[in-house]
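Student: I would like the atomic coordinates for the input below:
(one chain, ligands or ions: 1)
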Amino acid sequence: MNEVFLSYLWKYRLLHRELFTESGDPLTILHPGEQNSDGGPDFFNARLRIGDTTWAGNVEIHLRSSDWFRHGHQHDRAYDNPILHAVYEADVPVCDGNGVPFQTLVMRDRFPETVYDRYQGMMANHQWIPCYNQLLTISDHGFNLWAPALAVERLVYKAFNIRQLWEICRNDWEEAFYQHLASSFGFKINSLPFELLAKSLPLKIIRRHLDQPFQLEALFFGQSGLLNRDLSDDYPRSMLHEYRFLKEKYRLRPVPQATWKFLRLRPVNFPTLRISQWAHFIAGSHAGFFNLLENGSYADIIRSLSTCASPYWDTHYMFDKSTAFRKKNIGRDSVNLLVINGIVPFLFYYGMEKEDPLIRERAMSFLEQTEGEFNADIGRWAGLGLPTHHALQTQALLHLKRFYCDRRRCLDCRIGAALLSGPPH
Ligand code: SF4
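Tutor: Down below sits the predicted model:
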């Protein structure tokens, strides 16, 4: 037994209906109160009826009543006068400063044993997720109702890094979005070099070359360090020529070439193609991409992101190595990832800073309109009876796995609640 499980029983009113305090008075839980995860009592503003009297106040929960002293609550004013001390076992009497015993509820044997047995079974399970054996046994797990709240939790979590970036950019929304979106173009494996690339080429320089796509591409490739080698094809050689002039003009320092990763990537995902696509996206947006974020429709955003690399890359994946012709458009799966990881988190954070719920709702609606990513974890959830239809659900599941299942927080999970307190399975 542990306090977390006792708090769970209290919060979800899973105790027997007929309860009595240690002094023999009937106890009714009118409202269990608000759970407190900071210092102070476990539940604030609970409402109870004890005997004929209705009480409102704090409830403290312990495994043993002696934990009151072990935790030093007798010296802490935050714990003054709880309306109830709910314990698994009352091993010593506990009184207030005037020597009056607290009202105490002993929870032992006052809850359904099946709930605890199921909880123990889950905590002892070391399969992919703790409820792996039970999930398929219930149909009404409530995930779809919970998914939007989980997706919001994930976006709030991501907002922390975006906020840091925004502050580093001196609260310049456009510069911060430019850098954030650049790192999304790196698609995880090359997100850091893309971020460094954008940082090394601030928007104020980019804006001066928007009407010259070739110069833009030369700037991005030159700053990537990838032109820093012997080159024989005309296209990269002319970019290098152009870049050398601009490098001197702006006193630029390129990103180390070694930061780019090609290993284990499919050629269509090589950073060479992504840099060219990024340059085309920037040139095509005329630096109005923040306006696109603020005001563009979902279709506008998809259209703008569905860009392609320069014609040179139709027959190349690397400089100087020609291949069969193939247009190097950004594929639909990649566009979806740019929406999921680039557009939506930034838009949501923007809505948080502006305290505008409509902006945040727009971000959520973009997630609902986007096809979810597919990976091994999403496949496993589908096998356990949680198929997904859009990115809001896949993002919710990724968050659930990482922040609930992997941390064994089944008592904080709505699926866990359905499994623990549901009918026999
Ligand atoms: S956190 Fe929820 S979904 Fe994850 S294992 Fe526990 S009960 Fe299952």
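Student: for the residue in the stretch 201-350 of the chain that the ligand sits nearest to, what are its contacts?
Tutor: Using Cβ to the nearest ligand atom, the single residue of the stretch 201-350 of the chain nearest to the ligand is residue 340, 21.4 Å away. Yep, even glycine has a C-beta here, placed from its N, CA and C like the rest. The contact partners of residue 340, taken as Cβ atoms under 8 Å, 6 or more residues apart in numbering, are 367, 370, 373, 391, 395.
Student: Closest one to residue 222 out of the residues you listed, please.
Tutor: For residue 222, the nearest member of those is residue 373. The distance, counting by Cβ to Cβ, is 32.6 Å.
Student: buried set for stretch 11-19?
Tutor: Of the residues in stretch 11-19, those buried under the neighbour-count criterion (16 or more other Cβ atoms under 10 Å) are 11, 14, 15, 19.
Student: How about the residues of the protein by the ligand?
Tutor: In this structure, the chain approaches the ligand at residues 129, 130, 131, 400, 404, 405, 409, 410, 413, 415, 416, 419, judged by Cβ under 6 Å from any ligand atom.
Student: Pull out the buried members of the residues you listed.
Tutor: Among those, those classed as buried by 16+ other Cβ under 10 Å are 129, 130, 131, 400, 404, 405, 410, 413, 415, 416, 419.
Student: Test my guess that residue 181 contacts residue 289.
Tutor: Yes. Under the criterion of Cβ atoms under 8 Å, residue 181 makes contact with residue 289 at 7.1 Å.
Student: what touches both of these two?
Tutor: Taking Cβ under 8 Å, 6+ apart as the contact rule, residue 181 and residue 289 touch no residue in common.
Student: that older thread, make CSV from the buried ones among the residues of the chain next to the ligand and add distance to residue 313 and pLDDT to it.
Tutor: Compiled in CSV, these are given as follows (distance: Cβ to Cβ, whole Å; pLDDT from 0 to 100):
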residue, distance to residue 313, pLDDT
129, 42, 95
130, 47, 95
131, 47, 93
400, 39, 97
404, 43, 96
405, 41, 96
410, 49, 92
413, 46, 93
415, 46, 93
416, 49, 91
419, 51, 88
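Student: Just the ones of the residues you listed in helices?
Tutor: The members of those that map onto helices under DSSP state H are 400, 415, 416, 419.
Student: Grab the nearest non-local neighbour of the last one.
Tutor: The shortest distance from residue 419 to any residue other than its chain neighbours is 5.1 Å, reached at residue 134 (Cβ to Cβ, 6 or more residues apart in numbering).
Student: ok, now the first one?
Tutor: In space, residue 400 comes closest to residue 150 once its chain neighbours are excluded; the distance is 5.8 Å by Cβ to Cβ, 6+ apart.
Student: helix, strand or coil for the one you found?
Tutor: The assignment at residue 150 comes out as helix when based on DSSP: H, G, I helix; E, B strand; the rest coil.
Student: Equivalent analysis for residue 187, please.
Tutor: coil.
Student: quick one: low-confidence ranges for the chain?
Tutor: Judged by pLDDT under 70, the chain has its weakly predicted residues at 287, 423-425.
Student: how about the helix or strand that contains residue 116: buried residues?
Tutor: Secondary-structure assignment from DSSP states H and E places residue 116 in helix 113-123. The neighbour-count criterion (16+ other Cβ under 10 Å) identifies 115, 118, 119, 122 as the buried residues of helix 113-123.
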